[in-house]
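*Asks:* pasted the sequence and its predicted model underneath.
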Amino acid sequence: MKPDSKLRRLRKFAGGAVALLIAAALVAPLQVLAYNQNRVATDASGRPVRISGSVVVIEPDIELSEVLAGGAEEPRRQWTEAARRLYPAEVQRRLSAAGIEQQPDYDIPHDLPADSRLGQIIRLNEAVSVSVMAYTSPGNELATKRGKRLDWTLGPGVDELRKVTGADYALFTYVRDSYTSGGRAALRIATLLLFGGDIGGGRQVGVTTLVDLRTGQVVWFNFLAKQSGDLRDAQGAAETAQRMLKGLPL
């Protein structure tokens, strides 16, 4: 498969839910873009759950772009391809170091219909991830969930994913990373000097969830929004993975 065709295929799964997540972060004030929120589900006795079984890393949905002088973001294929190699490898390394049993990574079939059962599960996870992010933030809790444990679920349909991966848990990841071009950097400095304001540059936004494929329960969630971060090299991928896996219930 050609790299650009794979990117187009992945974008069809990055539906409206994740697009809203990214848009919400990108329009946020710059000062709040240093944010890391993670939540862990608890059992009936109120104790945080721990991973008990094997984990499969679902092919991450990652796209890297360059912020042009006018503010538009232009996707960069080479950067994205590098990130899609480096990030999963770093996640695997960290899970292995923590003694977590792993199943082979699940590469989403290029011809998987969006309306298939597996396609629906992937899209449903996007929607649930955004809901968790939106409705567990302080002051924005749903009345039916306020003060309760993390009790979001994808439902029994996740068993389909368990059948094809053999795993007990699935780790889903979505990242949009952008980097300031030379023209944008120059304009940013000029605006700061002339007007005292920052027009902004690159940003890193990501969300990751761990779903129990035996029950459908979202057992862990993390949302990241920063003005810094780099997935184009091994060191940057390691730093991003550390932030994205913060609070994982090992």
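*Replies:* That came through fine. Numbering: from 1, shown residues only.

*Asks:* show me where the protein has its strands.
*Replies:* In the chain, the strands defined using DSSP state E lie at 34-40, 55-57, 61-67, 73-75, 169-180, 204-212, 218-226.

*Asks:* what is the orientation angle of the helix ranked longest in the chain with strand 169-180?
*Replies:* Using DSSP state H, we find that the single longest helix of the chain is helix 77-97. When axes from the mean of the first three to the mean of the last three C-alpha atoms, to 10 degrees is applied, the directions of helix 77-97 and strand 169-180 differ by 140 degrees.

*Asks:* which one of the strands of the chain lies closest to Ala82?
*Replies:* Between Ala82 and the strands of the chain, the shortest separation by C-beta to C-beta is 8.1 Å, and it involves strand 61-67. Where C-beta positions appear, they are placed from N, C-alpha and C, glycine not excepted.

*Asks:* which other helices and strands contact the closest one?
*Replies:* helix 3-13, strand 73-75, helix 77-97, strand 169-180 (3 or more C-beta pairs under 8 Å, 6 or more residues apart in numbering; DSSP states H and E).

*Asks:* least confident secondary structure element in the protein?
*Replies:* When the helices and strands of the chain are scored by mean pLDDT, DSSP states H and E, helix 182-195 comes last with a mean of 46.

*Asks:* one step back: I'd like the strands of the chain as CSV, with mean neighbour count and mean pLDDT appended.
*Replies:* Converted to CSV, those look like this (neighbours: other C-beta atoms under 10 Å; pLDDT from 0 to 100):
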stretch, mean neighbour count, mean pLDDT
strand 34-40, 16, 69
strand 55-57, 22, 97
strand 61-67, 22, 86
strand 73-75, 14, 79
strand 169-180, 24, 86
strand 204-212, 25, 90
strand 218-226, 23, 87
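
*Asks:* would CSV of those with distance to Asp111 be doable?
*Replies:* Below are the strands of the chain laid out as CSV (distance: least, C-beta to C-beta, whole Å):
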stretch, distance to Asp111
strand 34-40, 34
strand 55-57, 20
strand 61-67, 17
strand 73-75, 22
strand 169-180, 20
strand 204-212, 24
strand 218-226, 28
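
*Asks:* nearest to His110, out of those strands?
*Replies:* With C-beta to C-beta, the closest approach to His110 among these belongs to strand 61-67: 13.9 Å.

*Asks:* relative to strand 204-212, how tilted is the closest one?
*Replies:* Per the same axes, to 10 degrees, the angle that strand 61-67 makes with strand 204-212 is 170 degrees.
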